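Novice: Sequence and predicted structure below; questions after.
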Amino acid sequence: MYVGSIDQGTTSSRFIIFNKAGEIISVGQKEHQQIYPQAGWVEHDSHEIWKNTQEVIGLALGKANLSAKDLAAVGITNQRETTVVWNKKTGKAYYNAIVWQDTRVGSELAELAKDGGMDRFRAKTGLPLATYFSGLKLRWLLTNIEGLRADAEKGDALFGTMDTFIAWHLTGGVDGGIHITDVTNASRTQLMDLQTCAWDEEILNVLSIPKAMLPEIKSSSLVYAKAKGVLGGVPLAGILGDQQAALVGQTCFNPGQGKNTYGTGCFLLMNTGTKAIPSQFGLLTTVAYQLGNEPVHYALEGSVAITGALVQWLRDNLGIIKHSPDIEKLAKLVDDNGGCYFVPAFSGLYAPYWKQDARGALVGLTRYINKSHIARAALEATAFQTWEVLEAMEKDAGIPIASLRVDGGMVVNQLLMQFQSDIIGEEVICPKIIETTALGAAYAAGLAVGYWANLDDLRKNWGIAHTWKPAMDSDKRAHYRKQWKKAVAKTFDWED
């Protein structure tokens, strides 16, 4: 028997099948369209995503010559905060899914901040007011989509993040689909109280969101229902937001253990145990996971909006490279960044600054700079942003990170990983299985059905593939860090 994992990401949907050792047996993957109706708006077609999800499940099973009967359980992991609303009678979405990167609610932040400032909801939710989270996206939909509010008030319109949308369809859709989310995804809506893990009536009233449209909040590892359709009969038994799933996949079950995932954006999470630590240094306090009926575990998180997306931008918008992996070859043609720094604040700056009005900047340009320097500066931006988040995390938690566990698509980039180790001055460790997001969801589902007996079973699966050690002298490191901070300051207050 195996465990399946639906990994519904920002750019593609995948289905990955794992064995007991946590090894990949088969993968199906399909990209979906990125929709940009106007500057700052980012959308997905949720129906295209559901169609792709079914396709990749069939693809992965077919490749491995397996059927649904060979799966002990299935888990879901998803791009977080992306917001979709659909009709429970027809299954049709009222509007495209509004993606986590979308900034259309920016103008409403100042209005909300008039009463209590940008930290108005932080004490309850662990989150500052930002365009990032789902609550304001949902309010925008309720305000702007004709007939939606009336349907929501009578209980016909359902809200969810992508895990909720997939789970509803997977378990029957209009024919008895379950309307649920897990504590990790709920903690990213800015509508859930971190202590009670329940929807907060006061915030719902402030944002005028009808409670009837919200999903039921569940543990991250639990048998929720049996799937219908393409995975008919397989228990749906795990749900985790993608970054929390990577934390579980990296087996960071002890307080002080952390991981960084390098994808479209970068997400650094540190387990803080069963205590939610309020951040003083620009980080988010969030739910890490809940396994079965055990207490909820919390994490500190630093989110960086644009990392891998910057490589895509160089590829698609500027045509500097043909394929994303080409960036390493191009960057290696020069020994350093030539004095140029690239701050990709395309949709504002996330942790630790939280400046919605920042915009991207390429600074330090001279006639000497060529496209190789720009490619190198783009890669280095990922490492610098990670360092700043790490610095904030150590201050907040009072726990130094002795090494950084890394995963995600960009860890295959040797130049980036070495520079990451150099700039933080610590070891960077990559596990044997870098698909830790999908693995985390598989672990949550497998634990719920007894496929894995306990956390020790999972820890045994974790092995090191590569370690990068710092090789930069401290003066050079200090210079790079100082110049980066200077570059970041240039992006502030760009938008009025």
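Specialist: Alright, I've got the coordinates. Numbering: from 1, shown residues only.

Novice: longest helix in the protein, by residue count?
Specialist: helix 371-397 (DSSP state H).

Novice: Any buried residues in it, and which?
Specialist: 372-390, 392-394, 396-397 (16 or more other Cβ atoms under 10 Å). Backbone N, C-alpha and C define where each C-beta goes, glycine included.

Novice: How far away from the center of its chain is it?
Specialist: Computed by Cα atoms, centre = their mean, to the nearest Å, the chain-centroid distance of helix 371-397 equals 17 Å.

Novice: which stretches of this protein aren't confidently modelled?
Specialist: Applying pLDDT under 70 to the chain flags residues 402.

Novice: As a quick check, tell me the outermost residue of it.
Specialist: When distances are taken from the C-alpha mean of the chain, residue 367 lies farthest, 38.0 Å away, according to Cα atoms, centre = their mean.

Novice: Does that one lie in a helix or a strand, and which?
Specialist: Following DSSP states H and E, one finds residue 367 outside all helices and strands.

Novice: what about it, distance to residue 91?
Specialist: According to Cβ to Cβ, to the nearest Å, residue 367 and residue 91 sit 58 Å apart.

Novice: is it true that residue 292 touches residue 220?
Specialist: No. With contact defined as Cβ atoms under 8 Å, residue 292 and residue 220 do not form a contacting pair (9.0 Å).

Novice: ok, those two, which is more surrounded?
Specialist: Here residue 292 and residue 220 are set side by side on neighbour count (other Cβ atoms under 10 Å), and the busier one is residue 220, at 33 against 12.

Novice: Surely the more buried one and residue 237 touch.
Specialist: No. Distance between residue 220 and residue 237: 10.0 Å, which falls outside the contact criterion (Cβ under 8 Å).

Novice: overlap in contacts of these two?
Specialist: Overlap between the neighbourhoods of residue 220 and residue 237 consists of residue 444, taking contacts as Cβ atoms under 8 Å, 6 or more residues apart in numbering.

Novice: Just give me the neighbour total for residue 418.
Specialist: Burial measure for residue 418: 17 neighbouring residues, criterion other Cβ under 10 Å.

Novice: same thing with the one 4 residues further on?
Specialist: Applying the criterion other Cβ under 10 Å, we find 22 residues in the vicinity of residue 422.

Novice: Excluding sequence neighbours, find me the nearest residue to it.
Specialist: With Cβ to Cβ, 6 or more residues apart in numbering as the measure, residue 472 is the residue that lies nearest to residue 422, at 3.7 Å, once sequence neighbours are left out.

Novice: quick one: contacts for the one you found?
Specialist: Going by Cβ under 8 Å, 6+ apart, residue 472 touches 422-423, 425, 480.

Novice: Equivalent analysis for residue 344, please.
Specialist: Under the criterion of Cβ under 8 Å, 6+ apart, the contact partners of residue 344 comprise 305-307, 309-310, 313, 360, 378, 381.

Novice: out of those residues, who's nearest residue 231?
Specialist: Out of the contacts of residue 344, the one with the shortest distance to residue 231 is residue 309. That distance is 30.8 Å, counting by Cβ to Cβ.

Novice: For the closest one, which non-adjacent residue is closest in space?
Specialist: residue 264 (4.8 Å).

Novice: which ones are touching the one you found?
Specialist: The neighbourhood of residue 264, defined by Cβ under 8 Å, 6+ apart, consists of 9-11, 101, 306-309, 312.

Novice: try 10 Å
Specialist: Shown here is residue 264, whose contacts under the criterion Cβ atoms under 10 Å, 6 or more residues apart in numbering are 9-11, 79, 99-101, 305-312, 408-410.

Novice: Fine by me, we can end here.
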